[in-house]
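Enquirer: After the sequence you'll find the predicted model.
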Amino acid sequence: RMETDCNHMELPNNTGFEEDSDYRDFEGTDVKDMRLEAEAVVNDVLFAVSNMFVSKTLPCAEDVAYINVETRERNKYCLELTEAGLRVVAYDFDQTDDRLQTPYHETVYSLLDSLSPAYREVFGNALLQRLEALKKDSQS
């Protein structure tokens, strides 16, 4: 029996996939989702890099999107975003190099931390400022 991986109590009660609007355009929303995920990644860390944007040249598919990033050190990278995480696929915008075997990072923070000391510093300072602000708020 193959039921061991599935706890039936956790499944939603709606059985009619056709009627449920969440599932109707499932194929169409996958593509949008990876692009939305990529946009969210960009918005999250844009303040700590020189430039960052979702590639308009490389194709977004349901399981992959590409993000161009220029660090404050002026190094350019093309990142691949998949379910496995993020990794560098080229050392220029809108490129992929199949020979590159770079490791996946679970988060954009981890990836940028490994690529850019200036990112680490800016991000760290931003965190400190937020903590100081929280401390002031709690004291008032």
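Expert: Alright, I've got the coordinates.
Enquirer: Go through whichever helix in the chain runs longest and flag the buried ones.
Expert: Once the chain is assigned using DSSP state H, the helix that runs over the most residues is helix 117-139. Within helix 117-139, the residues that qualify as buried are 118-119, 122-123, counting by 16 or more other C-beta atoms under 10 Å. (Glycine included, C-beta is placed from N, CA and C.)
Enquirer: So what touches it?
Expert: Helix 117-139 has contacts (C-beta atoms under 8 Å, 6 or more residues apart in numbering) with 45, 47-49, 71-73, 109, 112-113.
Enquirer: so which two of the residues you listed are the farthest from each other?
Expert: The most widely separated members of the contacts of helix 117-139, counting by C-beta to C-beta, are Glu73 and Tyr109 (17.0 Å).
Enquirer: between the two, which one's more packed in?
Expert: Tyr109 (17 against 12; other C-beta atoms under 10 Å).
Enquirer: Next, work out how far apart that one and Ser138 are.
Expert: Remark: distance between Tyr109 and Ser138 (C-beta to C-beta, to the nearest Å) = 25 Å.
Enquirer: ok, the nearest residue in space to Asn68 that is not next to it in sequence - how many residues close by?
Expert: Among residues not flanking Asn68 along the chain, Phe93 sits closest, at 4.2 Å (C-beta to C-beta, 6 or more residues apart in numbering). Other residues near Phe93 come to 18 when the count uses other C-beta under 10 Å.
Enquirer: try Cys60
Expert: 20.
Enquirer: hang on, it packs against Met34?
Expert: Yes - at 5.9 Å, Cys60 counts as touching Met34 under the criterion of C-beta atoms under 8 Å.
Enquirer: and the most centrally placed residue in the chain, what are its phi and psi?
Expert: Residue closest to the average C-alpha location in the chain (C-alpha atoms, centre = their mean): Val41, at 4.1 Å. Dihedral pair for Val41: phi -60, psi -50, per degrees, to the nearest 10.
Enquirer: Phi first, then psi, for Asp113.
Expert: In terms of degrees, to the nearest 10, the main-chain angles of Asp113 are phi -60, psi -40.
Enquirer: If you drop the residues flanking it in sequence, what lies closest to it?
Expert: Closest to Asp113 by C-beta to C-beta, 6+ apart is Arg120, at 5.4 Å.
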